[in-house]
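A.B. asks: need coordinates for the following:
(4 chains)
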Number of protein chains: 4
Amino acid sequence: MSARNKSASPKGRVPVAVLGATGAVGQTFIRLLQGHPFFEVTEVAASERSAGKRYRDAMTWHEGALPEDVADLTILTCDPGEVGAKIVFSALDASVAGEVEQAFAAAGAVVLSNARNHRMDPDVPLVIPEVNADHFAVLDAQRQNRGWEGAIITNANCASTTATVALAPLHQEFGAREAVITTMQAVSGAGYPGVASLDILGSVIPYIGGEEEKIEREIAKMLGSADGNRITSAPLRVSAHANRVAVEHGHTACISVRFDDPVTPEEAKEVLSAWRGHEACRGLPSAPPLPLVLRTEPDRPQARKDVFTGRGMATIVGRVRHDPLMHLRLVALSHNTVRGAAGGSILNAEVLGRMGRLPGVAEGAW
Amino acid sequence: MSARNKSASPKGRVPVAVLGATGAVGQTFIRLLQGHPFFEVTEVAASERSAGKRYRDAMTWHEGALPEDVADLTILTCDPGEVGAKIVFSALDASVAGEVEQAFAAAGAVVLSNARNHRMDPDVPLVIPEVNADHFAVLDAQRQNRGWEGAIITNANCASTTATVALAPLHQEFGAREAVITTMQAVSGAGYPGVASLDILGSVIPYIGGEEEKIEREIAKMLGSADGNRITSAPLRVSAHANRVAVEHGHTACISVRFDDPVTPEEAKEVLSAWRGHEACRGLPSAPPLPLVLRTEPDRPQARKDVFTGRGMATIVGRVRHDPLMHLRLVALSHNTVRGAAGGSILNAEVLGRMGRLPGVAEGAW
Amino acid sequence: MSARNKSASPKGRVPVAVLGATGAVGQTFIRLLQGHPFFEVTEVAASERSAGKRYRDAMTWHEGALPEDVADLTILTCDPGEVGAKIVFSALDASVAGEVEQAFAAAGAVVLSNARNHRMDPDVPLVIPEVNADHFAVLDAQRQNRGWEGAIITNANCASTTATVALAPLHQEFGAREAVITTMQAVSGAGYPGVASLDILGSVIPYIGGEEEKIEREIAKMLGSADGNRITSAPLRVSAHANRVAVEHGHTACISVRFDDPVTPEEAKEVLSAWRGHEACRGLPSAPPLPLVLRTEPDRPQARKDVFTGRGMATIVGRVRHDPLMHLRLVALSHNTVRGAAGGSILNAEVLGRMGRLPGVAEGAW
Amino acid sequence: MSARNKSASPKGRVPVAVLGATGAVGQTFIRLLQGHPFFEVTEVAASERSAGKRYRDAMTWHEGALPEDVADLTILTCDPGEVGAKIVFSALDASVAGEVEQAFAAAGAVVLSNARNHRMDPDVPLVIPEVNADHFAVLDAQRQNRGWEGAIITNANCASTTATVALAPLHQEFGAREAVITTMQAVSGAGYPGVASLDILGSVIPYIGGEEEKIEREIAKMLGSADGNRITSAPLRVSAHANRVAVEHGHTACISVRFDDPVTPEEAKEVLSAWRGHEACRGLPSAPPLPLVLRTEPDRPQARKDVFTGRGMATIVGRVRHDPLMHLRLVALSHNTVRGAAGGSILNAEVLGRMGRLPGVAEGAW
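C.D. replies: Residues are numbered from 1 along each chain as shown, chains lettered A, B, ... in the order given. Next up, the predicted model:
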């Protein structure tokens, strides 16, 4: 049945599948992969309820025009026996992602997952490639541990992503040890229909279920180190406050951070503006010109004005200043559904391909 | 000239004047004083530009119906030779408040000021009366130091107010030493026209000029101690992050706090729910039934739903929980133009009257 | 089982039940009936799913504090065998309201319904009492036609209500014949969770299912005439455009209207400002001081500033001006969940009681 | 002094100047002209207050990154003796535009104006080129009448633009005679700082000064006819209701329209979907693929989701349906600062160039 969808990819692009393709993150994958130079969406999969329908008939498309070539695909079930692609982007909900993604990895697929289920496993890379592309090294151990032909690679929670990119250059240079992180997160992070308008218009919701725990754990893992066997989190303790605000796109994070030794705002700004991120990302289609853009105006970054910097893939940092308690204070912003979800997964795949870690892609071909 | 306005107060209410009566805070004074059992607005004063006009003709009234008895008052200049009332609420801008308020105090008026100019003077009370009504004791020294017949009493910045009420019971019991405070502040805090809609719709502005410094200083002063000579700030160090969000009314503060010794969330909740504030406030017209309302739902307080608790005079606290870095985390909310500005000043005046510190009011009359 | 809930009403208030008590309109009924001088909520009923639970445990309470006396009521099923009260406010969804309300009416209850099911029946009053309290006259025919001991009385769709009050004085004086009505409706009109924040933030949704048809039919019925047998709609043809906007409370309607003969803005304003509505409403607890408040500023009414006029029960009309095509243009605003739903039903009940049409209430007692 | 700015244009682009370059519309001109294939901004002019400053220092840049090549231009005064370019985009305020634009036209410049001052002059084209590019024919008469070497061409008010494109195909086919148009307009239409957030958050402002009159006049002129001497407005009478809503970008218009004879929704949809606009626009850089995009979903167009269709230059029309009073109802949306202001002017210039009506551009070169 899936044969009909797996037509040979034009222009030599590599076929990929999107799991959970009808939801908000799934749609973002399809939007961002439209016209991608390396990947082509040849299969879409979703829940039993949607399976068998044409993609265009199975959901309300939320942003811009639905890509025509995907619109007519028949939705498959999330079953590795149905889906033929060996590169799989997973936008599945955490309630089902755990087992489904394992089944795909066992069946030989490289799964790029947005779900939280495997993020904290020590042999599963949790990667923002500009920050920790070297964590992909643990994939060999993962395959060996689990007897998989394929693999699972995860990207972080959207709010963790914002803060991690802002802290990475400083941590690499000065050793971050403690951080208080207060987020003001966009409603698009809650999916669709997500946050009720009656709850958020003219208000702030000072709670997002499970979010603070994710922020506290994931940042330390991404700033940690990997050897051939496992990833070890950095000794960075985080206190997170997660809030929902009346913003469509873009998570803002206010960060107070303490290092091994005091760091001045000037030293920090120099490090931040010089940072280019892991070289493995340079020039890839989804990599922004600068992974981190430092703003020096007193009142930036601002979600509406800055969130599309680097086509939504850059992290914007501003207000770097002295902290009366800890060492530094700063504000970071990034696009939660692009950088913090689908776009981050796609960049992970691009880097993996360049490294020779994607089935059917020769090392260094990109 | 002002004689026309100073008609004898009906029902034995004490005449009061509002300085800066045409601005946003000035209007809130007039709205909250409408029908007040003790005070009657008999004079309004504003800048030279407005002086001489009828109040109703000098501005756009922003909320509800303009009180008829004030509408026809002629606007006076902010000059103690013009204004006869000896109780003066000042909504003046900081650019002019310093000298004008001093002139009124020298001329014998008790000035209840919302401006920042004198807040940090050691002989000027900066008071949220449920928290530190005992700081009024410094007023005798103020008069002696400055040779004034009158006095200046200040109330705090609106965001400082939110955090101070939340921290006061905990500080009184456990000794707060360090706090990271991130605020999400309503646009009404910026006056009118204030924040441009193009800047705030769908966005967060991570900067409010001068606000973080005020928060850092004022909380420590209000939680400090007073003797007959001066007020000494508490040894509480604060790191503040101030943000503007698309909320009409209500400042939300996310607080991480460290005490002398560890405090559990259960201990904190017990203290917070038992707290009734300084007894001098009990039963006064502007005092809310509870100065601090503890919410136990996971996702409260929320600005739109909770800001009018206690007619806008209560502080709502929720999400009291363990902090991985410091000792406790919590969220506080209060109404910025009521509790955090005009309403706070009026309650200060009510307490002062009860204490026998208002001209023309006998101690204990209220 | 319902006996436990039907304790004798203190202070001689009449016991009432609320059907659909857990939803948004049901909650508004309970909020508005708190402390009502005539009525006391002694029973709450909802779907099978909620029945048997305590009210406080069956839903999230959305606005202010949940009234304590209602909080502990056990939720009943919507069955006249369970519910004892003979005055029943129905906040039921249209999908179930039809049959349930008929069953209650057959069992002797006077049902005040917010559902659309019976609104257009010629023997069912559709009433905004200031406009057409005389339509209650059809109730005798309704009982005879249907063999009911009780009755069904409906109130209009929230947007129909806004426009009807604005047009009623003009129609009564000049005979309205055609109107183009464009509404900008608050999200609270869609219930909870209702409109997704991702759909409405920074946007307008130019569609509300079924709304335009209701507006077009209901206004003509309410402006029509009743005899002992049936209600006849007025010969007013309406073209409606219904839009959802990012407003919490308050529906705004822009109206162009043509009369039998040309009407000048001055004539219209005179009629509007003189209008007091049907005398049967005067002085009742839920009746606003003025049912229609005419504003003369160029830019009013505005939802946020004006929606609580008359505690949410007044309709505010402004911008009365010449229309280049039809005769007049104007803007109307009213509170959609108060005036346009629960508050309107309660005022209907108050008027019915005064008229001697409520079981257990003597004519003229109020 | 202006010589420094008028460096030869690289790549053979034609030099253009922007008057009123520091305001919101002026900035949009500079943003949209960045990298334009035909035009290069070589001069910027503004008020005396800004003249002499570098462009980057004279204002806060609102959206995205300030184009580097313009950032360092020195701001000139709005004086044809200072500004050398013969193609001039005017974003001047109406308070000064009248005389300044005449002076430039007299001095030989072709002025593309966004101001209202000359829009209704019978010898001044008011053009949306897909609709009425043939109105440029009146330019010869304009030069003769006024003795100018240059010319003034205007584009319409932003809300007029939205409605005109939606009505043009229908008018051309069926003859529109009457329309009631209710707009819901974005805050960016009011410039910066423009609408105060306290006025628009959670609200609707049912008034925009002067807007309704513009809508009523301008649509009829654009749908009218031109001969060599003058433009004659179409016999279309319009009643407009203009509202401001909490939307950043995109004006929505609800339209009821009557034609010479009844038109069915099906006939209208056929005409709308077949319409391609005046052929003079086809393939020009600022022309969208389709000038009018017909949506068939029940709830579109929506500002946030659809406003960037055709890079903000398309008009999106939906909800084409029967009107109970007039003949048809429909909803139209377009981007107010792109299609409705700067982008519209630029497309006018592109068409004029193709027609051989721009100084220094050969007919048909583009």
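A.B. asks: does residue A:252 belong to a helix, a strand or coil?
C.D. replies: In three-state terms, and counting by DSSP: H, G, I helix; E, B strand; the rest coil, residue A:252 is strand.
A.B. asks: distance of the residue lying farthest from the centre of chain A from chain B?
C.D. replies: Most distant residue from the mean C-alpha position of chain A: residue A:324, 32.5 Å away (CA atoms, centre = their mean). Counting by CB to the nearest CB, to the nearest Å, the gap from residue A:324 to chain B is 5 Å. Any C-beta I mention is one placed from the backbone N, CA and C, and that applies to glycine too.
A.B. asks: what's near enough to touch that residue?
C.D. replies: Shown in contact with residue A:324 (CB atoms under 8 Å, 6 or more residues apart in numbering or on different chains): B:216, B:237, B:238, B:239.
A.B. asks: looking at those residues, which are in strands?
C.D. replies: If you go by DSSP state E, these have B:237, B:238, B:239 in strands.
A.B. asks: near chain A too, which of those residues?
C.D. replies: Contacts with chain A within the ones in strands among the contacts of residue A:324, counted by CB under 8 Å from any CB of the partner chain: B:237, B:238, B:239.
A.B. asks: nearest to chain C, of those?
C.D. replies: The shortest approach to chain C among those belongs to residue B:239, at 31.0 Å (CB to the nearest CB).
A.B. asks: hmm, the closest one is touching residue A:325, no?
C.D. replies: Yes. Counting by CB atoms under 8 Å, residue B:239 does reach residue A:325; the two are 4.3 Å apart.
A.B. asks: give me the spatial nearest neighbour of residue A:193, chain neighbours excluded.
C.D. replies: In space, residue A:193 comes closest to residue C:196 once its chain neighbours are excluded; the distance is 3.6 Å by CB to CB, 6 or more residues apart in numbering or on different chains.
A.B. asks: what's the neighbour count on that neighbour?
C.D. replies: By other CB atoms under 10 Å in any protein chain shown, 21 other residues sit near residue C:196.
A.B. asks: identify the bridge partners of it.
C.D. replies: Taking DSSP bridges as the rule, residue C:196 bridges to residue A:196.
A.B. asks: for it, what are its contacts?
C.D. replies: Neighbour list for residue C:196: A:192, A:193, A:194, A:195, A:196, A:197 [criterion: CB under 8 Å, 6+ apart].
A.B. asks: could these go into CSV alongside pLDDT?
C.D. replies: Shown next, in CSV, are those (pLDDT from 0 to 100):
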residue, pLDDT
A:192, 91
A:193, 93
A:194, 96
A:195, 97
A:196, 97
A:197, 97
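A.B. asks: tell me which element the nearest residue to residue A:203 once chain neighbours are set aside is part of?
C.D. replies: Nearest non-adjacent residue to residue A:203, counting by CB to CB, 6+ apart: residue B:304, 3.8 Å away. Assignment of secondary structure by DSSP states H and E places residue B:304 within helix B:303-306.
A.B. asks: chain A: helices as residue ranges?
C.D. replies: Applying DSSP state H to chain A gives helices spanning A:24-33, A:68-71, A:94-106, A:129-132, A:139-146, A:158-174, A:197-200, A:211-222, A:265-274, A:303-306, A:343-354.
A.B. asks: and the first one with helix A:343-354, angle?
C.D. replies: Looking back up the chat, that one is helix A:24-33. For helix A:24-33 against helix A:343-354, the angle by axes from the mean of the first three to the mean of the last three CA atoms, to 10 degrees is 50 degrees.
A.B. asks: point out the residues in chain A that sit beside chain C.
C.D. replies: Within chain A, the positions near chain C by CB under 8 Å from any CB are A:62, A:187-188, A:192-202, A:246-248.
A.B. asks: which of those residues are buried?
C.D. replies: With neighbours counted using 16 or more other CB atoms under 10 Å in any protein chain shown, the residues of chain A next to chain C contain these buried positions: A:62, A:187-188, A:192-202, A:246-248.
A.B. asks: on that earlier part again, kindly reformat the ones in strands among the contacts of residue A:324 as a markdown table containing pLDDT and distance to residue D:346.
C.D. replies: Formatted as a markdown table, those follow (pLDDT from 0 to 100; distance: CB to CB, whole Å):
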| residue | pLDDT | distance to residue D:346 |
| --- | --- | --- |
| B:237 | 98 | 55 |
| B:238 | 98 | 51 |
| B:239 | 98 | 48 |
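A.B. asks: reformat those as a markdown table; add neighbour count and distance to residue A:79.
C.D. replies: Formatted as a markdown table, the ones in strands among the contacts of residue A:324 follow (neighbours: other CB atoms under 10 Å in any protein chain shown; distance: CB to CB, whole Å):
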| residue | neighbour count | distance to residue A:79 |
| --- | --- | --- |
| B:237 | 15 | 57 |
| B:238 | 23 | 55 |
| B:239 | 22 | 51 |
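A.B. asks: between the contacts of residue A:324, which sits nearest residue A:56?
C.D. replies: The shortest gap between residue A:56 and any of the contacts of residue A:324 belongs to residue B:239, at 51.1 Å (CB to CB).
A.B. asks: please name the bridge partners of the closest one.
C.D. replies: Counting by DSSP bridges, residue B:239 forms beta bridges with residue B:180.
A.B. asks: show me what contacts it?
C.D. replies: A:180, A:256, A:323, A:324, A:325, A:326, A:329, B:179, B:180, B:181, B:216.
A.B. asks: number of residues surrounding the residue nearest to residue A:112 when sequence neighbours are not counted?
C.D. replies: Of all residues not flanking residue A:112 in the chain, residue A:345 sits nearest, at 4.3 Å (CB to CB, 6+ apart). Look at residue A:345: counted by other CB under 10 Å, it has 26 neighbours.
A.B. asks: again with residue A:81
C.D. replies: Using other CB under 10 Å, residue A:81 has 10 neighbouring residues.
A.B. asks: and if you look at residue A:145?
C.D. replies: Residue A:145 has 15 neighbours, counted by other CB under 10 Å.
A.B. asks: pretty sure it contacts residue A:122?
C.D. replies: No. Applying CB under 8 Å as the test, residue A:145 and residue A:122 come out as separate, 9.4 Å apart.
A.B. asks: next, count neighbours for the residue of the stretch 1-150 of chain A found nearest chain B.
C.D. replies: Nearest to chain B, among the residues of the stretch 1-150 of chain A, is residue A:63, at 14.5 Å (CB to the nearest CB). Here the number of neighbours of residue A:63 (other CB under 10 Å) works out to 17.
A.B. asks: domain assignment for chain A?
C.D. replies: Domain segmentation of chain A under automatic domain parsing yields A:2-156+A:342-354, A:158-335.
A.B. asks: dump the residue contacts of residue A:202.
C.D. replies: Counting by CB under 8 Å, 6+ apart, residue A:202 has contacts A:246, B:246, B:247, B:248, B:303, B:304, C:248, D:201, D:202.
A.B. asks: and residue A:152, how far from residue A:113?
C.D. replies: From residue A:152 over to residue A:113 the distance is 6 Å, taken as CB to CB, to the nearest Å.
A.B. asks: residues shared between the contacts of the two?
C.D. replies: residue A:101.
A.B. asks: tell me which residue in the stretch 51-200 of chain A sits closest to chain D.
C.D. replies: Closest to chain D within the stretch 51-200 of chain A is residue A:63: 6.4 Å, counting by CB to the nearest CB.
A.B. asks: sorry, slip of the keys, the one I care about is chain A.
C.D. replies: Nearest to chain D in chain A, going by CB to the nearest CB, is residue A:202, at a distance of 5.0 Å.
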